[in-house]
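>>> Whatever this is, show me its structure:
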Amino acid sequence: MNGEHVKPETEAEKACFKLLSDIDTIGGRIKGSLTSKKFMRNEVWSLISYIGAPSWFITLLPTDINHPICIYFADKNITFKPEMYFKKADEAYRLVTSNPVAAARFFHMMVENFIKHVLGFGEKHHSFCEEMEAYYGTVEQQGRLTLHLHMLLWIKNALSPQDI
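Take a look at the predicted model:
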């Protein structure tokens, strides 16, 4: 708490520090763990150090319960029928919330399309504003376990905060 650095001195303290280090190493591979969040913060700070301040912060939240593609993914009927798009709101809500895999597939598809078509990564066209230099995004759950994306965007040749 006081900013002091503790060095293990006894064999028991050394073993304890080794165990904490091993837990930290393993925790870095577990999504959502404190260590993985620490690694993500380090990656973002590295991007900021290398490229500069991000130009945009975006939160992407595709509404799955109202989208026909998500309802199609969640429906047990494999054949495509246009009338499925006109399901009642409560029926569509129950259908999507009872199938989290369909909601995750829909979210993944929407994020990939956003990155490809709106941001222009991997494409020959520019993004919604200019050519993007980099992006960094993390996925979180909301209260009803739907997914949303927080994303930092770096625009190529953008003004720095000091220049602005």
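>>> show me where this protein has strands.
56-60, 132-141, 147-155 (DSSP state E).
>>> Partner strands of the longest one, with direction?
Take DSSP bridges as the rule and strand 132-141 pairs in its sheet with strand 147-155 (antiparallel).
>>> in the strand it pairs with, what's buried?
Going by neighbour count (16 or more other Cβ atoms under 10 Å), the buried part of strand 147-155 is 147, 149, 151-155. Any C-beta I mention is one placed from the backbone N, CA and C, and that applies to glycine too.
>>> what does stretch 26-40 give?
For stretch 26-40, using 16+ other Cβ under 10 Å, the buried residues are residue 27.
>>> Give me the contacts around it.
Under the contact criterion Cβ atoms under 8 Å, 6 or more residues apart in numbering, stretch 26-40 has outside partners 24-25, 138.
>>> average pLDDT for it?
The pLDDT scores in stretch 26-40 average 81.
>>> Endpoint to endpoint, it covers what distance?
With Cα to Cα, to the nearest Å as the measure, stretch 26-40 spans 15 Å from end to end.
>>> what separates it from the chain centre, distance-wise?
Distance of stretch 26-40 from its chain centroid, counting by Cα atoms, centre = their mean, to the nearest Å, is 14 Å.
>>> Start the count at 2 instead of 1 going forward.
Shifting the count to begin at 2 puts that one at stretch 27-41.
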